[in-house]
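[1] Attaching a predicted model along with its sequence, questions to come.
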Amino acid sequence: MPKPRKPLKPQPAPTNPVLAIDSSWDGTTKKVFLYRQEHVYPYISKRRLGITNLSETMARRCFFEAEVQRAGVKLITGMGHGDYDQFTGHLGDVIWEIGKYRANEVKNKIVHLLSCRTASKLGPDIVVNGALAFFGYLEDFVFHVDHESVFFQCASEIDLALADGLSVSDVHTRVKDVFESNIDELAGLDGQAAALLNANLQYLCTPVVDGRFGDRSVALR
Amino acid sequence: MIRKRLRNGHASQRKVKVLSKAATARSPIVLAEREASKPIGVRSDTGAFVTLGEYVTEPRLAARMASLSSLGYERLAEFTVARLEKEPSELRVGILGRDELSRDEIISEVRQGSAIGKQFVQIERAWVERLKEKLSRGEYKLRAQAPEASKASASSH
(Lines give C-alpha, C1' and ligand atoms only; values in the text may rest on other atoms or scores of the structure.)
Protein backbone atom coordinates (compact mmCIF):
# COMPACT_ATOMS: atom_id res chain seq x y z
CA MET A 1 0.00 0.00 0.00
CA PRO A 2 1.77 3.22 -1.09
CA LYS A 3 2.14 5.91 1.52
CA PRO A 4 -0.18 8.84 1.00
CA ARG A 5 1.68 11.81 -0.43
CA LYS A 6 2.15 14.83 1.76
CA PRO A 7 0.25 17.78 0.43
CA LEU A 8 2.60 20.18 -1.31
CA LYS A 9 3.25 23.43 0.47
CA PRO A 10 2.32 26.37 -1.69
CA GLN A 11 5.51 27.89 -3.05
CA PRO A 12 5.78 31.58 -3.74
CA ALA A 13 5.88 32.25 -7.46
CA PRO A 14 9.41 33.02 -8.62
CA THR A 15 10.00 36.71 -9.10
CA ASN A 16 10.79 37.90 -12.58
CA PRO A 17 14.39 39.12 -12.76
CA VAL A 18 13.51 42.02 -15.06
CA LEU A 19 11.29 44.86 -13.90
CA ALA A 20 10.30 47.22 -16.70
CA ILE A 21 8.52 50.51 -16.23
CA ASP A 22 7.35 52.45 -19.27
CA SER A 23 5.53 55.76 -19.52
CA SER A 24 3.30 56.24 -22.53
CA TRP A 25 1.20 59.25 -21.72
CA ASP A 26 2.46 61.67 -24.36
CA GLY A 27 3.66 61.59 -27.95
CA THR A 28 7.35 60.91 -27.36
CA THR A 29 7.02 58.31 -24.59
CA LYS A 30 4.26 56.52 -26.51
CA LYS A 31 6.61 56.02 -29.46
CA VAL A 32 9.41 54.60 -27.35
CA PHE A 33 6.96 52.45 -25.37
CA LEU A 34 5.62 50.85 -28.55
CA TYR A 35 9.15 50.21 -29.79
CA ARG A 36 10.16 48.53 -26.53
CA GLN A 37 6.98 46.42 -26.51
CA GLU A 38 7.69 45.20 -30.01
CA HIS A 39 11.46 44.80 -30.00
CA VAL A 40 12.87 44.70 -26.48
CA TYR A 41 10.55 42.67 -24.25
CA PRO A 42 10.05 39.78 -26.69
CA TYR A 43 13.84 39.54 -27.01
CA ILE A 44 14.33 39.47 -23.24
CA SER A 45 11.62 36.80 -22.95
CA LYS A 46 13.36 34.71 -25.61
CA ARG A 47 16.43 34.81 -23.38
CA ARG A 48 14.28 33.11 -20.74
CA LEU A 49 14.21 36.11 -18.46
CA GLY A 50 10.82 36.82 -16.97
CA ILE A 51 9.60 40.41 -17.13
CA THR A 52 7.24 42.30 -14.91
CA ASN A 53 6.03 45.20 -17.02
CA LEU A 54 4.55 48.26 -15.39
CA SER A 55 3.37 50.31 -18.31
CA GLU A 56 0.84 53.01 -19.14
CA THR A 57 -1.34 53.71 -16.05
CA MET A 58 0.62 51.09 -14.06
CA ALA A 59 3.78 53.16 -14.39
CA ARG A 60 3.29 54.71 -10.98
CA ARG A 61 5.30 54.80 -7.81
CA CYS A 62 2.67 52.87 -5.80
CA PHE A 63 2.87 49.81 -8.11
CA PHE A 64 6.60 50.12 -8.69
CA GLU A 65 7.41 50.29 -4.98
CA ALA A 66 5.71 46.94 -4.36
CA GLU A 67 7.40 45.17 -7.28
CA VAL A 68 10.90 46.55 -6.96
CA GLN A 69 11.41 45.27 -3.44
CA ARG A 70 10.67 41.64 -4.35
CA ALA A 71 13.66 39.34 -4.00
CA GLY A 72 14.99 38.25 -7.37
CA VAL A 73 14.68 41.51 -9.30
CA LYS A 74 18.06 41.99 -10.99
CA LEU A 75 17.46 44.50 -13.77
CA ILE A 76 15.28 47.58 -13.73
CA THR A 77 14.76 49.10 -17.15
CA GLY A 78 12.75 52.29 -17.20
CA MET A 79 11.59 54.73 -19.85
CA GLY A 80 9.93 58.06 -19.19
CA HIS A 81 10.53 61.70 -18.50
CA GLY A 82 13.46 62.45 -16.27
CA ASP A 83 15.44 65.27 -14.80
CA TYR A 84 18.77 65.65 -13.07
CA ASP A 85 17.45 64.28 -9.78
CA GLN A 86 14.31 62.34 -10.66
CA PHE A 87 12.72 59.75 -12.93
CA THR A 88 8.98 59.88 -13.53
CA GLY A 89 6.22 57.58 -14.76
CA HIS A 90 2.60 58.03 -15.80
CA LEU A 91 1.50 61.67 -15.90
CA GLY A 92 4.70 62.74 -14.17
CA ASP A 93 4.24 60.49 -11.13
CA VAL A 94 7.66 60.50 -9.45
CA ILE A 95 9.15 57.00 -9.42
CA TRP A 96 12.56 57.87 -8.02
CA GLU A 97 13.82 61.13 -6.62
CA ILE A 98 17.05 61.70 -4.75
CA GLY A 99 16.41 61.35 -1.03
CA LYS A 100 12.92 59.91 -1.51
CA TYR A 101 13.46 56.20 -2.21
CA ARG A 102 14.76 53.25 -0.20
CA ALA A 103 18.20 51.79 -0.79
CA ASN A 104 16.75 48.27 -1.07
CA GLU A 105 14.93 49.36 -4.25
CA VAL A 106 18.25 49.52 -6.07
CA LYS A 107 20.63 47.38 -4.01
CA ASN A 108 22.43 44.70 -6.06
CA LYS A 109 20.49 45.61 -9.18
CA ILE A 110 21.45 46.91 -12.61
CA VAL A 111 19.48 50.01 -13.59
CA HIS A 112 18.92 51.38 -17.09
CA LEU A 113 16.90 54.57 -17.50
CA LEU A 114 16.03 55.63 -21.04
CA SER A 115 15.20 59.10 -19.93
CA CYS A 116 16.57 62.62 -20.01
CA ARG A 117 19.29 63.87 -17.66
CA THR A 118 19.06 61.18 -14.97
CA ALA A 119 22.76 60.32 -15.27
CA SER A 120 23.63 63.74 -13.95
CA LYS A 121 22.66 63.25 -10.30
CA LEU A 122 20.10 60.45 -9.90
CA GLY A 123 22.30 57.79 -11.52
CA PRO A 124 25.31 58.27 -9.23
CA ASP A 125 22.90 58.44 -6.26
CA ILE A 126 21.37 55.09 -7.27
CA VAL A 127 24.86 53.56 -7.32
CA VAL A 128 25.76 55.11 -3.95
CA ASN A 129 22.62 53.42 -2.60
CA GLY A 130 23.85 50.00 -3.72
CA ALA A 131 23.03 49.49 -7.40
CA LEU A 132 25.62 47.40 -9.23
CA ALA A 133 25.55 49.51 -12.38
CA PHE A 134 23.67 52.40 -13.93
CA PHE A 135 23.06 53.28 -17.59
CA GLY A 136 21.52 56.64 -18.49
CA TYR A 137 21.95 60.00 -20.20
CA LEU A 138 23.46 63.26 -18.94
CA GLU A 139 21.22 65.54 -21.01
CA ASP A 140 17.99 65.25 -22.98
CA PHE A 141 17.61 62.10 -25.07
CA VAL A 142 16.82 63.46 -28.53
CA PHE A 143 15.67 61.79 -31.72
CA HIS A 144 15.00 62.71 -35.33
CA VAL A 145 11.37 61.87 -36.01
CA ASP A 146 12.09 60.63 -39.55
CA HIS A 147 14.62 58.11 -38.24
CA GLU A 148 13.26 57.46 -34.76
CA SER A 149 13.47 53.67 -34.84
CA VAL A 150 17.26 53.90 -35.32
CA PHE A 151 17.50 56.00 -32.15
CA PHE A 152 15.32 53.62 -30.16
CA GLN A 153 17.27 50.64 -31.48
CA CYS A 154 20.58 52.09 -30.30
CA ALA A 155 19.21 52.89 -26.85
CA SER A 156 17.55 49.48 -26.55
CA GLU A 157 20.78 47.68 -27.29
CA ILE A 158 21.64 48.14 -23.61
CA ASP A 159 18.74 45.92 -22.53
CA LEU A 160 19.37 43.36 -25.27
CA ALA A 161 23.05 43.04 -24.45
CA LEU A 162 22.31 42.72 -20.72
CA ALA A 163 19.76 40.01 -21.50
CA ASP A 164 22.46 38.20 -23.46
CA GLY A 165 24.42 37.96 -20.23
CA LEU A 166 27.28 40.23 -21.24
CA SER A 167 29.29 42.02 -18.60
CA VAL A 168 28.62 45.72 -18.24
CA SER A 169 31.95 46.39 -19.92
CA ASP A 170 30.98 44.26 -22.94
CA VAL A 171 27.53 45.82 -22.99
CA HIS A 172 29.18 49.24 -23.25
CA THR A 173 31.38 48.09 -26.14
CA ARG A 174 28.47 46.56 -28.04
CA VAL A 175 26.19 49.55 -27.50
CA LYS A 176 28.92 51.98 -28.55
CA ASP A 177 29.52 49.93 -31.72
CA VAL A 178 25.83 50.01 -32.59
CA PHE A 179 25.67 53.77 -32.00
CA GLU A 180 28.83 54.38 -34.08
CA SER A 181 27.65 52.21 -36.98
CA ASN A 182 24.32 53.95 -37.12
CA ILE A 183 25.83 57.44 -36.79
CA ASP A 184 28.04 56.69 -39.79
CA GLU A 185 25.12 55.27 -41.71
CA LEU A 186 22.93 58.28 -40.95
CA ALA A 187 25.78 60.64 -41.92
CA GLY A 188 25.29 59.44 -45.47
CA LEU A 189 21.54 59.93 -45.36
CA ASP A 190 20.77 62.85 -43.10
CA GLY A 191 23.45 64.84 -41.30
CA GLN A 192 21.05 66.30 -38.75
CA ALA A 193 19.89 62.85 -37.69
CA ALA A 194 23.52 61.75 -37.40
CA ALA A 195 24.29 64.82 -35.25
CA LEU A 196 21.44 64.00 -32.88
CA LEU A 197 22.39 60.35 -32.55
CA ASN A 198 26.00 61.39 -31.97
CA ALA A 199 24.79 63.63 -29.12
CA ASN A 200 22.99 60.74 -27.44
CA LEU A 201 26.20 58.72 -27.56
CA GLN A 202 28.11 61.63 -26.01
CA TYR A 203 25.53 61.84 -23.20
CA LEU A 204 25.39 58.08 -22.55
CA CYS A 205 26.83 57.20 -19.14
CA THR A 206 27.88 53.70 -18.12
CA PRO A 207 30.33 52.32 -15.54
CA VAL A 208 32.93 52.27 -18.32
CA VAL A 209 32.54 56.02 -18.84
CA ASP A 210 32.87 56.80 -15.14
CA GLY A 211 33.22 54.71 -11.98
CA ARG A 212 30.41 56.75 -10.42
CA PHE A 213 28.04 54.61 -12.50
CA GLY A 214 29.06 51.35 -10.88
CA ASP A 215 31.03 48.21 -11.55
CA ARG A 216 31.98 47.39 -15.13
CA SER A 217 32.56 43.70 -14.42
CA VAL A 218 29.05 42.73 -13.33
CA ALA A 219 26.52 40.95 -15.53
CA LEU A 220 22.84 40.14 -15.32
CA ARG A 221 23.58 36.42 -15.09
CA MET B 1 32.90 29.49 -39.35
CA ILE B 2 30.99 28.14 -36.37
CA ARG B 3 34.17 28.00 -34.33
CA LYS B 4 34.94 31.60 -35.19
CA ARG B 5 31.49 32.70 -34.15
CA LEU B 6 31.77 30.96 -30.83
CA ARG B 7 35.06 32.67 -30.10
CA ASN B 8 33.39 35.99 -30.64
CA GLY B 9 31.24 36.58 -27.60
CA HIS B 10 28.93 38.99 -29.37
CA ALA B 11 28.40 37.00 -32.51
CA SER B 12 27.68 33.85 -30.55
CA GLN B 13 24.87 35.59 -28.71
CA ARG B 14 23.30 37.68 -31.39
CA LYS B 15 24.25 39.29 -34.64
CA VAL B 16 24.27 43.02 -33.94
CA LYS B 17 22.02 44.73 -36.45
CA VAL B 18 23.36 47.71 -38.34
CA LEU B 19 21.61 49.50 -41.16
CA SER B 20 23.87 48.22 -43.93
CA LYS B 21 27.34 47.08 -44.76
CA ALA B 22 28.40 50.64 -45.57
CA ALA B 23 28.97 51.53 -41.94
CA THR B 24 31.41 48.69 -41.38
CA ALA B 25 33.16 48.80 -44.74
CA ARG B 26 36.54 50.48 -45.12
CA SER B 27 35.43 52.76 -47.92
CA PRO B 28 34.62 56.28 -46.71
CA ILE B 29 31.07 57.27 -45.90
CA VAL B 30 29.76 59.70 -48.49
CA LEU B 31 28.11 62.48 -46.51
CA ALA B 32 24.56 63.59 -47.23
CA GLU B 33 24.59 66.35 -49.86
CA ARG B 34 23.06 68.98 -47.60
CA GLU B 35 26.10 68.83 -45.31
CA ALA B 36 28.33 70.57 -47.90
CA SER B 37 26.41 73.83 -47.62
CA LYS B 38 26.38 73.95 -43.82
CA PRO B 39 28.99 75.98 -41.95
CA ILE B 40 31.67 73.92 -40.26
CA GLY B 41 33.78 76.73 -38.83
CA VAL B 42 34.47 80.44 -38.62
CA ARG B 43 37.35 82.29 -40.29
CA SER B 44 39.58 83.90 -37.67
CA ASP B 45 40.53 86.77 -40.02
CA THR B 46 37.11 87.82 -41.38
CA GLY B 47 34.70 86.11 -38.98
CA ALA B 48 32.83 84.60 -41.93
CA PHE B 49 31.44 81.10 -41.76
CA VAL B 50 33.27 78.39 -43.70
CA THR B 51 31.05 75.72 -45.21
CA LEU B 52 31.99 72.08 -45.26
CA GLY B 53 32.23 72.26 -49.05
CA GLU B 54 34.76 75.12 -48.82
CA TYR B 55 36.64 73.39 -46.03
CA VAL B 56 37.08 70.25 -48.13
CA THR B 57 37.92 71.92 -51.42
CA GLU B 58 40.22 74.58 -49.93
CA PRO B 59 42.30 72.73 -47.35
CA ARG B 60 44.35 75.88 -46.55
CA LEU B 61 41.25 77.37 -44.94
CA ALA B 62 41.68 75.03 -41.97
CA ALA B 63 44.66 77.04 -40.77
CA ARG B 64 42.61 80.25 -40.88
CA MET B 65 39.69 78.96 -38.85
CA ALA B 66 39.06 79.91 -35.24
CA SER B 67 38.55 77.14 -32.72
CA LEU B 68 34.86 76.81 -31.88
CA SER B 69 35.78 76.69 -28.20
CA SER B 70 37.11 80.25 -28.50
CA LEU B 71 33.72 81.61 -29.56
CA GLY B 72 31.21 83.12 -27.16
CA TYR B 73 27.64 81.83 -26.91
CA GLU B 74 26.23 84.51 -29.20
CA ARG B 75 28.52 83.60 -32.10
CA LEU B 76 28.07 79.86 -31.46
CA ALA B 77 24.31 80.40 -31.50
CA GLU B 78 24.58 82.19 -34.87
CA PHE B 79 26.73 79.32 -36.13
CA THR B 80 24.14 76.77 -34.94
CA VAL B 81 21.24 78.73 -36.43
CA ALA B 82 23.08 78.97 -39.76
CA ARG B 83 23.45 75.18 -39.76
CA LEU B 84 19.84 74.56 -38.75
CA GLU B 85 18.55 76.95 -41.43
CA LYS B 86 19.95 74.57 -44.03
CA GLU B 87 17.56 71.91 -42.75
CA PRO B 88 14.06 71.66 -44.24
CA SER B 89 11.36 73.48 -42.26
CA GLU B 90 9.60 70.11 -41.80
CA LEU B 91 12.39 68.92 -39.48
CA ARG B 92 11.00 67.55 -36.21
CA VAL B 93 13.07 66.51 -33.26
CA GLY B 94 11.64 64.47 -30.39
CA ILE B 95 12.88 65.07 -26.87
CA LEU B 96 12.02 62.61 -24.12
CA GLY B 97 11.96 65.45 -21.59
CA ARG B 98 9.32 67.40 -23.49
CA ASP B 99 7.57 66.85 -26.81
CA GLU B 100 8.61 67.36 -30.42
CA LEU B 101 10.13 70.58 -31.70
CA SER B 102 10.07 71.92 -35.25
CA ARG B 103 13.13 73.44 -36.91
CA ASP B 104 11.88 76.98 -36.27
CA GLU B 105 11.14 76.22 -32.63
CA ILE B 106 14.66 74.87 -32.17
CA ILE B 107 16.12 77.99 -33.81
CA SER B 108 14.03 80.13 -31.48
CA GLU B 109 15.29 78.17 -28.43
CA VAL B 110 18.89 78.61 -29.60
CA ARG B 111 18.42 82.37 -30.05
CA GLN B 112 16.83 82.68 -26.61
CA GLY B 113 19.68 80.72 -25.01
CA SER B 114 17.27 78.37 -23.21
CA ALA B 115 18.52 75.06 -21.76
CA ILE B 116 17.37 73.12 -24.81
CA GLY B 117 18.77 75.82 -27.09
CA LYS B 118 22.17 75.48 -25.42
CA GLN B 119 21.95 71.73 -25.84
CA PHE B 120 21.43 72.17 -29.59
CA VAL B 121 24.52 74.38 -29.71
CA GLN B 122 26.43 71.54 -28.03
CA ILE B 123 24.92 68.98 -30.41
CA GLU B 124 26.04 70.89 -33.52
CA ARG B 125 29.47 71.59 -32.07
CA ALA B 126 30.07 67.93 -31.18
CA TRP B 127 28.92 66.91 -34.66
CA VAL B 128 31.22 69.40 -36.38
CA GLU B 129 34.15 68.09 -34.33
CA ARG B 130 33.32 64.55 -35.38
CA LEU B 131 32.97 65.57 -39.03
CA LYS B 132 36.41 67.21 -39.03
CA GLU B 133 38.00 64.23 -37.31
CA LYS B 134 36.42 61.69 -39.66
CA LEU B 135 37.27 63.78 -42.73
CA SER B 136 40.88 64.05 -41.61
CA ARG B 137 41.05 60.27 -41.25
CA GLY B 138 39.46 59.77 -44.65
CA GLU B 139 36.47 57.99 -43.10
CA TYR B 140 33.95 60.56 -44.38
CA LYS B 141 33.95 62.40 -47.68
CA LEU B 142 31.70 64.63 -49.75
CA ARG B 143 29.99 63.20 -52.82
CA ALA B 144 31.75 65.51 -55.27
CA GLN B 145 35.07 65.39 -53.43
CA ALA B 146 37.90 64.62 -55.82
CA PRO B 147 40.51 62.11 -54.59
CA GLU B 148 43.20 64.85 -54.57
CA ALA B 149 41.07 67.13 -52.41
CA SER B 150 40.34 64.25 -50.07
CA LYS B 151 44.07 63.56 -49.65
CA ALA B 152 44.85 67.24 -49.16
CA SER B 153 42.09 67.53 -46.57
CA ALA B 154 43.47 64.54 -44.70
CA SER B 155 47.08 65.78 -44.78
CA SER B 156 46.26 69.33 -43.66
CA HIS B 157 45.10 68.17 -40.18
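    Received it, and whenever you're ready, just let me know what you need. Quick caveat: nothing in here was measured; it's all calculated off a predicted structure.
[2] can I assume B:Ala63 sits in a helix?
    Yes: B:Ala63 sits within a helix when classified using DSSP: H, G, I helix; E, B strand; the rest coil.
[3] Look at it and say how many residues are nearby.
    Using other C-beta atoms under 10 Å in any protein chain shown as the criterion, B:Ala63 is surrounded by 9 other residues. (C-beta placed from N, C-alpha, C; glycine too.)
[4] And it, how far from chain A?
    With distances taken as C-beta to the nearest C-beta, to the nearest Å, B:Ala63 is found 24 Å from chain A.
[5] Check B:Leu91 too.
    When C-beta to the nearest C-beta is applied, the distance between B:Leu91 and chain A equals 6 Å.
[6] packing partners for the strand or helix carrying A:Asp125?
    According to DSSP states H and E, A:Asp125 maps onto helix A:122-128. Applying 3 or more C-beta pairs under 8 Å, 6 or more residues apart in numbering or on different chains; DSSP states H and E, one finds that helix A:122-128 contacts strand A:94-97, strand A:110-114, strand A:133-137.
[7] Tell me the bridge partners for B:Thr51.
    B:Pro39 (DSSP bridges).
[8] Surely it and B:Arg34 touch.
    No: under the contact definition of C-beta atoms under 8 Å, B:Thr51 does not touch B:Arg34, with a separation of 10.9 Å.
[9] who's in contact with B:Arg125?
    The contact partners of B:Arg125, by C-beta atoms under 8 Å, 6 or more residues apart in numbering or on different chains, come to B:68, B:76, B:80.
[10] Among these, which one has the most neighbours?
    For those, the largest neighbour count, defined by other C-beta under 10 Å, is 25 neighbours, found at B:Thr80.
[11] Now do the SS call for it.
    Secondary structure state of B:Thr80, per three-state DSSP, is helix.
[12] For it, give its distance to B:Ser89.
    16 Å (C-beta to C-beta, to the nearest Å).
[13] for chain A, what spans make up the strands?
    A:18-22, A:51-55, A:75-79, A:82-83, A:86-88, A:94-97, A:110-114, A:133-137, A:142-144, A:204-205 (DSSP state E).
[14] and if you look at chain B?
    Along chain B, counting by DSSP E, strands occupy B:29-30, B:39-43, B:49-51, B:65-66, B:92-95, B:100-102, B:140-141.
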